[in-house]
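**Student:** pasted the sequence and its predicted model underneath.
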Amino acid sequence: MESFDLIFITTHQNNQFLPNLIKSIDNHITDLKLLLVVISQECDFKYETKKDFFKIAFIDEKKMGLSKARNIGLNYIKEKNITAEYIMFPDDDSSFDKNFSIEFKKISGSEKSYITPIYNNNSKNLYFGKPYETGKIVGVQKYYLVGSPNQIIQYNKYKEFIHFNENLGVGAKYGSSEDLDLFIKLNLNGIKYYYINEIFSYHPQKTDIFINKKLDDIINRFKTYSSGFAVIIFKYKLYSFIPSYLTRTFVAFVYYGLKLKFKLSYAYFIQLIFRIKLLFTFSFKKVV
């Protein structure tokens, strides 16, 4: 049996971002026994770590949905009988600085799980969510603070419940909210998440992702993201989420219109119409 302080599971389908993620860990994380499990989907990429306490396991697979790939990573560590105090699911375009390991060591043995901020690259501007106070419990009503990369989950204690719904997430039937589904499921099974500002990661800014994309590609991506959250609303009967589900999109439509970013503004308008249709459809349809 091999034991770690922390396990990262990430997936990638091209080599654009993964080298930066790995280098950010290898260059900045110290005094932390860490395993990175990479599900490489039709990508040929290898990396030799500089540090003995940082190990990487590459699992070669065909292209598949994000949740299914993560479950392959979870099955791998179970089959290898690998244990860890915590597990996280960074995106392949996530990155970390030297602060991460310094602050992470302080929570070791705390018997708590955490939600952290994610900042836009090279800044302290939040990638999503709102400012929140360290030490406060993050319940289901604070769903807007929750993503996949920013959940620090007690692995050894909750590993039987850590599993992604393969109908949710990028590349699945409903293209998002696998992270929120996991968060809610763990809440229902007794886990409490606490917010911690001192630990954080980085991610490319959302608008940067869409700058060079065609309008049709942006609209399709917005639609797949919208469907996953609608599933969460009806699966867990969280109907109080509906107003924010609609108003956030409307606000984005107005905001980008005022910023003269008409391509994004129009895409958000289409997303708003699509979300209204989804809510109507799911009112009469059983979801996962």
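**Tutor:** Received, thanks. Since the structure is predicted, the reported quantities are computational estimates derived from the model, not experimental observations. Residues are numbered from 1 along each chain as shown.

**Student:** show me where the stretch 101-250 of the chain has strands.
**Tutor:** Ranges of strands in the stretch 101-250 of the chain, per DSSP state E, counting those that start in this stretch, are 113-115, 118-120, 151-154, 193-195, 201-203.

**Student:** what lies in contact with the fourth one?
**Tutor:** Which is strand 193-195. With C-beta atoms under 8 Å, 6 or more residues apart in numbering as the test, strand 193-195 has contacts from 112-116, 132-138, 145, 151, 183, 186-187. Bear in mind the C-beta positions are built from the backbone N, C-alpha and C, glycine included.

**Student:** mind checking how far residue 86 is from residue 45?
**Tutor:** 25 Å (C-beta to C-beta, to the nearest Å).

**Student:** in terms of neighbours, single out the busier of those two.
**Tutor:** Using other C-beta atoms under 10 Å, the more surrounded residue of residue 86 and residue 45 is residue 86, with 24 against 13.

**Student:** can you tell me the helix or strand for the more buried one?
**Tutor:** strand 82-88 (DSSP states H and E).

**Student:** how far away from the center of its chain is that strand?
**Tutor:** Taking C-alpha atoms, centre = their mean, to the nearest Å, one finds the center of strand 82-88 at 17 Å from the center of the full chain.

**Student:** now swap in stretch 136-156 and tell me
**Tutor:** The answer for stretch 136-156 is 10 Å, by C-alpha atoms, centre = their mean.

**Student:** now do the buried residues in that stretch.
**Tutor:** Neighbour counts over stretch 136-156 (16 or more other C-beta atoms under 10 Å) mark 138, 140, 142-143, 145-155 as buried.

**Student:** which one of those residues is nearest to residue 82?
**Tutor:** residue 155 (9.3 Å; C-beta to C-beta).

**Student:** quick one: residues contacting the closest one.
**Tutor:** 7, 83, 84, 85, 86, 87, 162.

**Student:** again, only using 10 Å
**Tutor:** Each residue near residue 155 by C-beta atoms under 10 Å, 6 or more residues apart in numbering is listed here: 4, 6-7, 74, 77, 82-88, 113, 162.

**Student:** buried subset of the residues you listed as a ChimeraX selection?
**Tutor:** Applying 16+ other C-beta under 10 Å to those, the buried members can be selected in ChimeraX as follows:
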select :4,6,7,74,77,82,84,85,86,87,88,113,162
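
**Student:** now tabulate the contacts of residue 155 in a markdown table and tack on pLDDT and distance to residue 29.
**Tutor:** Putting the contacts of residue 155 into a markdown table (pLDDT from 0 to 100; distance: C-beta to C-beta, whole Å) gives the following:
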| residue | pLDDT | distance to residue 29 |
| --- | --- | --- |
| 4 | 96 | 12 |
| 6 | 97 | 9 |
| 7 | 98 | 13 |
| 74 | 98 | 22 |
| 77 | 97 | 19 |
| 82 | 97 | 18 |
| 83 | 96 | 19 |
| 84 | 97 | 14 |
| 85 | 97 | 15 |
| 86 | 98 | 13 |
| 87 | 98 | 15 |
| 88 | 98 | 12 |
| 113 | 97 | 20 |
| 162 | 97 | 22 |
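
**Student:** and the contacts of residue 155, which two are the farthest apart?
**Tutor:** Across these, no pair lies farther apart than 82 and 113, at 18.8 Å, counting by C-beta to C-beta.

**Student:** isn't residue 92 right next to residue 70, touching?
**Tutor:** No: counting by C-beta atoms under 10 Å, residue 92 stays clear of residue 70, with 11.8 Å between them.

**Student:** okay, these two: which has more neighbours?
**Tutor:** The residue with more neighbours, out of residue 92 and residue 70 and counting by other C-beta under 10 Å, is residue 70; that gives 25 against 21.

**Student:** and the helices in the chain?
**Tutor:** Under the criterion DSSP state H, the chain contains helices at 18-28, 66-79, 99-107, 155-158, 178-188, 206-210, 215-235, 242-258, 262-282.

**Student:** among the ones you listed, which gets the worst mean confidence?
**Tutor:** By mean pLDDT, the lowest-scoring of the helices of the chain turns out to be helix 206-210, with a mean of 68.

**Student:** wait, which of the helices of the chain is closest to residue 170?
**Tutor:** When the helices of the chain are compared by C-beta to C-beta, helix 66-79 sits nearest residue 170, at 4.3 Å.
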